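# sequence and computational prediction follow.
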Amino acid sequence: MPDSDETSLESAKSGDGESPRSTAAESSKSADDEAVFASVIVPVYEDPAGVAQTLRSLVEQTYSRERHEIVVVDNDSTDDTRSVVRSYAREHDHVTMAVEDDVQSSYAARNTGVRESSGTVCAFVDADMTVEEDWLESVVERFRKDDVAYLGCDVEIRVPPGEETVFARYNRASGFPVEYDIEVKRFAPTCCLSVRRSVFEEVGTFDQRLTSGGDYEFGNRVSASGVDLHYAPDIVQYHPARSSLRSLVKKSLRQGRGVGQLQRYYPDRYGRPGIPPRPDGSHVDSTDDESIPSHERVVFELLGLLLLAVRGVGYYGEVLFGTDDE
């Protein structure tokens, strides 16, 4: 059990009086035994434009406002991010802002969102993503009808207007192989993950020490506990493409560091430090797509190799110079 389990849900709920969100959840449940009170959790760090785009789509959900809340968790932003969130909270009473300024980590922000929310189901959306207006209704219906406890939705990468670069096309083609991740690697990316609260109570929250791979470790932990992992190809969340080489390199460095951290903290599960990250195969699958011109497939292969090397740099940097944040 990782140190992040210090974010005990029991201790988080303790205190004087009952929170308004708890009251809303109980009222909803008493009014309709079949209803599910859901918490949409959005971690954000210094992305006012991205979180505004996300909130625009979230406040238009068809699922009853009395049966869900939107909790945006700011991870110590110093720009206009909090002002944007506050403006939405003033206009929409089911939108609230929480703050995680002790630990700089998207997983710490998500853990704070879990603590500060009251839903039976926690649905995670990254700031800068968008969803269809029936997204939450579809997620809740899957949990309610199929007795799901852990669900990964599909992710479609969209290239924003004016950003149609070779790097954006590579990112769109390699994409998020969510079905493969769930069936083979036993996890769903947090950007498209929904989890029943009882799962957090049983296995703990995300390991906030990790720079990357916290969703992988959490999913593996959930799977090992005996919970079935489900994939919903018909429920889609939209992610903007990374349109620059710099953004792809930054992500790959972070992924490499995450592998090194996983090995440091969980050597019995992920191997001892010193074994470099292996290719995940996603870019190879993309080059088999006949709709991609042959010359661009070659470019994608070279990009895939470059980013694999970058992950290696991040990995060995973490192995050689990383510190233990116990």
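Nice, I can see it. Numbering: from 1, shown residues only.

# now the end-to-end length of stretch 172-190.
Chord length of stretch 172-190, first to last residue, is 18 Å (CA to CA, to the nearest Å).

# contacts only, for the residue most central in space within the chain.
Centroid check for the chain by CA atoms, centre = their mean gives Thr190 as the closest residue, at 2.1 Å. By CB atoms under 8 Å, 6 or more residues apart in numbering, the contact set of Thr190 is Ser106, Tyr107, Arg110, Phe124, Asp126, Phe206, Gly214, Asp215. For glycine as for every other residue, the C-beta is placed from the backbone atoms N, C-alpha and C.

# next, it: phi, psi?
phi -60, psi -20 (degrees, to the nearest 10).

# chain center to stretch 130-137: distance?
Distance, stretch centre to chain centre, for stretch 130-137: 16 Å (CA atoms, centre = their mean, to the nearest Å).

# now do the buried residues in it.
Thr130, Val131, Glu132, Trp135, Leu136, Glu137 (16 or more other CB atoms under 10 Å).

# from Asn75, how far off is the residue nearest to Gln61 when sequence neighbours are not counted?
Nearest non-adjacent residue to Gln61, counting by CB to CB, 6 or more residues apart in numbering: Leu136, 4.7 Å away. According to CB to CB, to the nearest Å, Leu136 and Asn75 sit 23 Å apart.

# would you map the strands across the stretch 51-200 of the chain?
68-74, 95-99, 121-124, 130-131, 150-158, 193-196 (DSSP state E, counting those that start in this stretch).

# quick one: closest of those strands to Ile182.
Set against Ile182 and scored by CB to CB, these come closest in strand 150-158, at 5.2 Å.

# in its sheet, what does that closest one sit against?
With DSSP bridges as the test, strand 150-158 is paired with strand 193-196 (antiparallel), strand 230-240 (parallel).

# could I get those as TSV with distance to Ala168?
Putting those into TSV (distance: least, CB to CB, whole Å) gives the following:
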stretch	distance to Ala168
strand 193-196	24
strand 230-240	9
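
# in JSON lines: those, plus mean pLDDT.
Formatted as JSON lines, the strands paired with strand 150-158 follow (pLDDT from 0 to 100):
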{"stretch": "strand 193-196", "mean pLDDT": "98"}
{"stretch": "strand 230-240", "mean pLDDT": "97"}
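
# for these, which one sits closest to Glu179?
strand 230-240 (5.2 Å).

# list the buried residues of the helix or strand that comes right after the closest one.
Next in sequence after strand 230-240, counting helices and strands by DSSP states H and E, comes helix 245-265. By 16+ other CB under 10 Å, the buried positions in helix 245-265 come out as 248-249, 251-253, 255-265.

# coming back round to it: so how far is Phe143 from the residue nearest to the centre of the chain?
Distance check for Thr190 against Phe143: by CB to CB, it reads 17 Å.

# what do you get for Thr62?
For Thr62, the distance to Phe143 - CB to CB - is 16 Å.

# comparing the two, which shows the higher neighbour count?
Shown here are Thr62 and Phe143; by other CB atoms under 10 Å, Phe143 has more neighbours (21 against 11).

# mind checking pLDDT for the closest residue to that one other than its chain neighbours?
Among residues not flanking Phe143 along the chain, Val121 sits closest, at 5.3 Å (CB to CB, 6+ apart). Val121 is assigned a predicted lDDT (pLDDT) of 98.

# the longest helix along the chain versus helix 245-265: what angle between them?
What stands out as the longest helix in the chain, according to DSSP state H, is helix 294-321. Interaxial angle, helix 294-321 versus helix 245-265 (axes from the mean of the first three to the mean of the last three CA atoms, to 10 degrees): 40 degrees.

# which helices and strands does helix 294-321 pack with?
On a contact count with 3 or more CB pairs under 8 Å, 6 or more residues apart in numbering; DSSP states H and E, helix 294-321 meets helix 166-174, helix 245-265, helix 282-287.

# lowest-confidence stretch among those?
When the helices and strands packed on helix 294-321 are ranked by mean pLDDT, helix 282-287 comes last with a mean of 46.

# picking that back up, to Ser223, which of the strands of the stretch 51-200 of the chain lies closest?
Proximity to Ser223 (CB to CB) singles out strand 150-158 among these, at 8.2 Å.

# list the buried residues in the closest one.
Under 16+ other CB under 10 Å, the buried positions of strand 150-158 are Tyr150, Leu151, Gly152, Cys153, Asp154, Val155, Ile157.

# do the same with stretch 191-211
191-197, 199-200, 203-211.

# then that stretch to PDB, C-alphas only?
Extracted in PDB, the C-alpha atoms of stretch 191-211 (Å, rounded to 0.1, in the frame of the first residue of the first chain):
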ATOM      1  CA  CYS A 191      -7.700  11.000 -18.000                       C
ATOM      2  CA  CYS A 192     -10.500   8.600 -18.800                       C
ATOM      3  CA  LEU A 193     -10.900   6.700 -15.600                       C
ATOM      4  CA  SER A 194     -14.100   6.400 -13.400                       C
ATOM      5  CA  VAL A 195     -13.900   4.500 -10.100                       C
ATOM      6  CA  ARG A 196     -16.500   3.500  -7.500                       C
ATOM      7  CA  ARG A 197     -15.600   5.100  -4.200                       C
ATOM      8  CA  SER A 198     -15.600   1.800  -2.400                       C
ATOM      9  CA  VAL A 199     -12.600   0.800  -4.500                       C
ATOM     10  CA  PHE A 200     -10.600   3.700  -3.000                       C
ATOM     11  CA  GLU A 201     -11.800   2.700   0.400                       C
ATOM     12  CA  GLU A 202     -10.600  -0.900  -0.200                       C
ATOM     13  CA  VAL A 203      -7.200  -0.500  -1.900                       C
ATOM     14  CA  GLY A 204      -6.300   3.200  -1.200                       C
ATOM     15  CA  THR A 205      -5.800   6.200  -3.500                       C
ATOM     16  CA  PHE A 206      -3.100   7.000  -6.100                       C
ATOM     17  CA  ASP A 207       0.600   6.900  -5.100                       C
ATOM     18  CA  GLN A 208       1.400  10.700  -5.200                       C
ATOM     19  CA  ARG A 209       5.100  10.100  -5.100                       C
ATOM     20  CA  LEU A 210       5.000   9.000  -8.700                       C
ATOM     21  CA  THR A 211       5.700  11.500 -11.500                       C
END
